[in-house]
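Trainee: How does the following fold in three dimensions:
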Amino acid sequence: MNSESTLNQLKTLLPEGQMPSSYGVYFKNTLVALCHALEDHILEQPDGAEPLVLVTFQQGKWYLQEADRYSDIARCSQRVAIAAVPDSGFGDHATSRLSNVDLVDLSADDSLTQEWNLIILAPGYASMVLCHELSDAEYRSDSVPSLDVERKFYGLWTFDRAPVEVAAKILIERMRSYDGALADQLTERYEALTNNPSDTSTDLSGVVARIVNYLQSSQQQLVTVSRQTRELWELEGQASKLNRNLAANKLQAFLRMVQRIDERDPANPMASMQVSALAETLGQIIDLPTLKLRRLRLAGLLFRIGLAEAPRQIFQQTSDQLDKASLVFWRDRAALGGQLLSSMPELAPISRIVTHQLEFWDGSGAPDGLKGEEIPIESRILGLVAYFQELTESRGERTALSLGESLAVCEKLGGRRFDPKMVDSLSTIVRLAEIGMLQLPDRPSEQPTVWLEDLKPQAANEEVLANAKEITS
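Mentor: Numbers count the residues shown, from 1 in each chain. This is a model prediction of the structure:
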């Protein structure tokens, strides 16, 4: 990768360990999906959320439909600066004549022509996709792409404001050699946004959900095209690598979605971390096997994902105060979460745990009315811990209960709603915490960069999924 590239400069300027974990090698379709998801988010924002948008397009890669799209984006933005080669055709398009759109004509020998960047800096949020195409020399001799969809890029995507601000500054300075006055104007807007951020954060759960959908769609498109152009053994090799790349990013998107759900719940903003941590501790107490313990920890982080599109009153009222529509949403949250996670085959065991967390020991729970030992043990643990943790935090007019009071409520439900043995194990943890012999954990022992299970082609059931690997996105 060229040392002058925006991506490489960002890597150099960020402190060690602060490069977004999504940094890696991507297929073109994945990057198209990511960019479209972030662009759609701009179009859906209310007035007052207008961002500064910085874009670079590769030489010869500007398409008319993108020019039309950026006409709409410009109307929802403070300012849009687009860098492209002069013969891209953009200069003749009506979008370039909008008052808040600036076109930077790149020299053909500028390494920016090998980049494809989208940086969005708004008062309440920041996001970006940065990428730089691999040169022919960086491909293996037998894997140089013959189709557009097979092209690969070094790239990353993130919602973290700090690296987005650094990348924006880099890109503005790279435009300065072409138009100093424009760079000064962009710098002025950049400083206004960075020095006076909004006190209200933009809810990004919708855009994260959209990223998951776009990634899934782009994966299917690439596999379809590849099947038409490759022998079966080549397809399997490429699809395997692609699947893991996309799956890693989809899991990161799920985890980010859960973070946004917690941020929407001011009364219980650490729910996912605390539930994961306590579920892991209970699993250790009963000597749960390592693989099941690992699944339980991840299921704990994702247990509220079914509330991604929940109405705000869900986080402000107790269940007996909710209106009919919100109550149905609340009761179906486990099934909704399981359906969302089921889009990733690698998360099938996690999806199963989340789906059955509201099954009751006496068979009166949902969604399948499982009873007793029929309920996966991880689901029994998760359901109990999630209920207990909820009681320890306030909700609407209900005040938070102490650890002992919360445990007493759970004990009354033992044998009906909860597995009595799991309640006894939770009691052991709480009693030890009350006498100071154990500190109740507030975060799991490991927070996944990304952890997925390997799906073997012949795997038809969970037994074959015993081997799990750590991977990074």
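Trainee: N268: how many residues sit nearby?
Mentor: 19 (other CB atoms under 10 Å). All C-beta atoms are positioned from the backbone trio N, CA, C, and that covers glycine.
Trainee: Phi first, then psi, for it.
Mentor: Reported as degrees, to the nearest 10, the phi and psi values for N268 are phi -150, psi 60.
Trainee: Quickly list the domain ranges of the protein.
Mentor: Domain segmentation of the chain under automatic domain parsing yields 6-202, 267-448.
Trainee: mean pLDDT lowest for which of those?
Mentor: Among the domains of the chain, domain 6-202 carries the lowest mean pLDDT, at a mean of 84.
Trainee: can I assume R295 sits in a strand?
Mentor: No - R295: not assigned to a strand; according to DSSP: H, G, I helix; E, B strand; the rest coil it is helix.
Trainee: Tell me how many other residues surround the spatially closest residue to it that is not a sequence neighbour.
Mentor: Excluding the flanking residues, the one nearest R295 by CB to CB, 6 or more residues apart in numbering is P349, at 5.1 Å. The burial count assigned to P349 is 22, neighbours taken as other CB under 10 Å.
Trainee: what about P349, helix or strand, and which?
Mentor: helix 348-355 (DSSP states H and E).
Trainee: From the contact counts, what lies against that helix?
Mentor: helix 290-302, helix 333-341, helix 377-391 (3 or more CB pairs under 8 Å, 6 or more residues apart in numbering; DSSP states H and E).
Trainee: Which residues in it does the neighbour count mark as buried?
Mentor: Under the neighbour-count criterion of 16 or more other CB atoms under 10 Å, helix 348-355 has 348-355 buried.
Trainee: got it, and stretch 389-403?
Mentor: 389-393, 395, 401, 403.
Trainee: would you turn these into TSV with distance to G383?
Mentor: Formatted as TSV, the buried residues of stretch 389-403 follow (distance: CB to CB, whole Å):
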residue	distance to G383
Q389	11
E390	11
L391	13
T392	16
E393	17
R395	17
L401	18
L403	18
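Trainee: Which two among those residues are spaced furthest apart?
Mentor: Comparing all pairs in those by CB to CB, the longest separation belongs to R395 and L403, at 16.5 Å.
Trainee: Report the contact partners of G91.
Mentor: By CB atoms under 8 Å, 6 or more residues apart in numbering, the contact list for G91 reads 103, 105.
Trainee: Tell me if I am right that it is in a helix.
Mentor: Yes - per three-state DSSP, G91 lies within a helix segment.
Trainee: and it, how far is that from L103?
Mentor: Plainly put, G91 is 6 Å away from L103 if you go by CB to CB, to the nearest Å.
Trainee: tell me the angle the helix holding P349 makes with helix 290-302.
Mentor: 50 degrees (axes from the mean of the first three to the mean of the last three CA atoms, to 10 degrees).
Trainee: In CSV, could you pull the C-alpha coordinates for helix 348-355?
Mentor: Provided in CSV are the C-alpha atoms of helix 348-355 (Å, rounded to 0.1, in the frame of the first residue of the first chain):
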residue,chain,number,x,y,z
ALA,A,348,-26.3,-20.6,15.3
PRO,A,349,-25.5,-21.7,18.9
ILE,A,350,-25.7,-18.1,20.1
SER,A,351,-29.0,-17.5,18.3
ARG,A,352,-30.4,-20.6,20.0
ILE,A,353,-29.3,-19.4,23.5
VAL,A,354,-30.8,-15.9,22.9
THR,A,355,-34.0,-17.3,21.4
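Trainee: by how many degrees do that helix and helix 333-341 diverge?
Mentor: Using the same axes, to 10 degrees: helix 348-355 against helix 333-341 is 160 degrees.
Trainee: Adding distance to I261, write the domains of the chain out as a markdown table.
Mentor: Shown next, in a markdown table, are these (distance: least, CB to CB, whole Å):
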| stretch | distance to I261 |
| --- | --- |
| domain 6-202 | 13 |
| domain 267-448 | 5 |
